[in-house]
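Colleague: compute the structure for the input listed below.
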Amino acid sequence: MTKNQNYFISENAHLGDGVAISPGATINGTCKIGSGCRIDSGATLDPGANACITLEENVHIQAGAIITGNITICRNALIQPGAVVNRDVPPHAIVNGNPAKIVGYTGENDSPIPHQRQAPEKPGISQTSVNGVTLHKLPKVLDLRGNLTVGEFERSIPFDSKRYFLVFDVPNAEVRGEHAHRTCHQFLICAHGQLSVVADDGVNREEFLLDDPSIGLHLPPLTWGIQYKYSSDAVLLVFASEYYDPEEYIRDYSEFMQLSIKDR
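Modeller: Residues are numbered from 1 along each chain as shown. Below is the predicted model:
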């Protein structure tokens, strides 16, 4: 173990290349800390008996945060000051609070995504920085008898649909998605309420606010998709180009990264 006036590191801790540990940090028990991680002043990692904390590469634990339990914090995650983390944290997630919850995702250079891209004011399609991802403003008709919005497959929705599904009654703190598809296209519409979607092509990430049923988001294959910040009344409608096949899903971010590199 290493113990001095600056920090404490357990003899069961394994540190990768370029790990930066600030004064006052404490690393107890069995911890595997990947290359490029930063652990700021006053942060504590303590998995407890017969458990292990794993930090993948380039994780940043900010000042005073507490990490505990048998958990993995995935690559490029940002743990904000004072957060108390006792659950796994997905790649690029920003977490805060006690208990910690996801409050955002990192974007370029692993700084927080600065804003949510807005849909066009008039019907049309906006290109994004994420490969193949497009944001759609669908026609919307306002009428005293009731409002209407419409989309046409293979026209305003850029594929033919073989199935749809609805997601609703999602607790606000929960995150859904966190996977990509090998061949399936998806088109997302928040039919009621609002939620946020993060799209990731392995290099670029953007966040989108879906808060109107006339806004649609097209996620092509090999796009890592995340939905979070659900309002209590949110209903997400998703059209898919393929029938359900569990083998078609990519649920491991490392595998997704490898496949996305090959696709470029």
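Colleague: residues in contact with residue 120?
Modeller: 126, 135, 137 (CB atoms under 8 Å, 6 or more residues apart in numbering). (Each C-beta comes from the backbone N, C-alpha and C, glycine too.)
Colleague: for residue 229, see how far away the nearest residue to the second one once chain neighbours are set aside is.
Modeller: The shortest distance from residue 135 to any non-neighbouring residue, by CB to CB, 6 or more residues apart in numbering, is to residue 126 (4.4 Å). Counting by CB to CB, to the nearest Å, the gap from residue 126 to residue 229 is 20 Å.
Colleague: show me which of those two is the more surrounded one.
Modeller: When residue 126 and residue 229 are compared for neighbours, residue 229 comes out ahead with 21 against 14, by other CB atoms under 10 Å.
Colleague: residues touching the more buried one, list them.
Modeller: Contacts of residue 229 by CB under 8 Å, 6+ apart are 172, 194-196.
Colleague: just these: which are in strands?
Modeller: 195-196 (DSSP state E).
Colleague: now the buried members of the contacts of residue 229.
Modeller: With neighbours counted by 16 or more other CB atoms under 10 Å, those contain buried members at 194-196.
Colleague: among those, which one sits closest to residue 204?
Modeller: Ranked by distance to residue 204 (CB to CB), the buried ones among the contacts of residue 229 are led by residue 196 at 16.6 Å.
Colleague: quick one: mean pLDDT over stretch 50-68.
Modeller: Across stretch 50-68, pLDDT averages out at 96.
Colleague: show me what counts as buried in it.
Modeller: Buried, per 16+ other CB under 10 Å, within stretch 50-68: 52-62, 64-68.
Colleague: go on, stretch 8-23?
Modeller: For stretch 8-23, by 16+ other CB under 10 Å, it's 8-10, 13, 15, 19, 21-22.
Colleague: which outside residues touch that stretch?
Modeller: Stretch 8-23 is contacted by residues 1-3, 5-7, 25-41, 43, 57, 63 when judged by CB under 8 Å, 6+ apart.
Colleague: filter the residues you listed to the buried ones?
Modeller: Buried among the contacts of stretch 8-23 by 16+ other CB under 10 Å: 7, 25-34, 36-40, 43, 57.
Colleague: contacts for stretch 155-169, please.
Modeller: Under CB under 8 Å, 6+ apart, the answer for stretch 155-169 is 123, 134, 136, 138-139, 151, 153-154, 176, 185, 187, 191, 216, 218, 227, 234-244.
Colleague: could you redo the last one with a cut-off of 7 Å?
Modeller: The contact list for stretch 155-169 (CB atoms under 7 Å, 6 or more residues apart in numbering) reads 136, 138, 151, 153-154, 176, 185, 187, 216, 218, 234-244.
Colleague: point me to the helix or strand that includes residue 262.
Modeller: Applying DSSP states H and E as the criterion places residue 262 in helix 253-263.
Colleague: show me what counts as buried in that helix.
Modeller: Under the neighbour-count criterion of 16+ other CB under 10 Å, helix 253-263 has 253, 256-257, 260 buried.
Colleague: what do you get for stretch 173-193?
Modeller: 175, 177-181, 184-190, 193.
Colleague: if we take the residues you listed, which one ends up nearest to residue 118?
Modeller: residue 190 (14.0 Å).
Colleague: assign a three-state SS to the closest one, would you?
Modeller: The local conformation at residue 190, judged by DSSP: H, G, I helix; E, B strand; the rest coil, is strand.
Colleague: touching, it and residue 238? I think so.
Modeller: No. At 10.2 Å, residue 190 and residue 238 do not qualify as touching, with contact defined as CB atoms under 7 Å.
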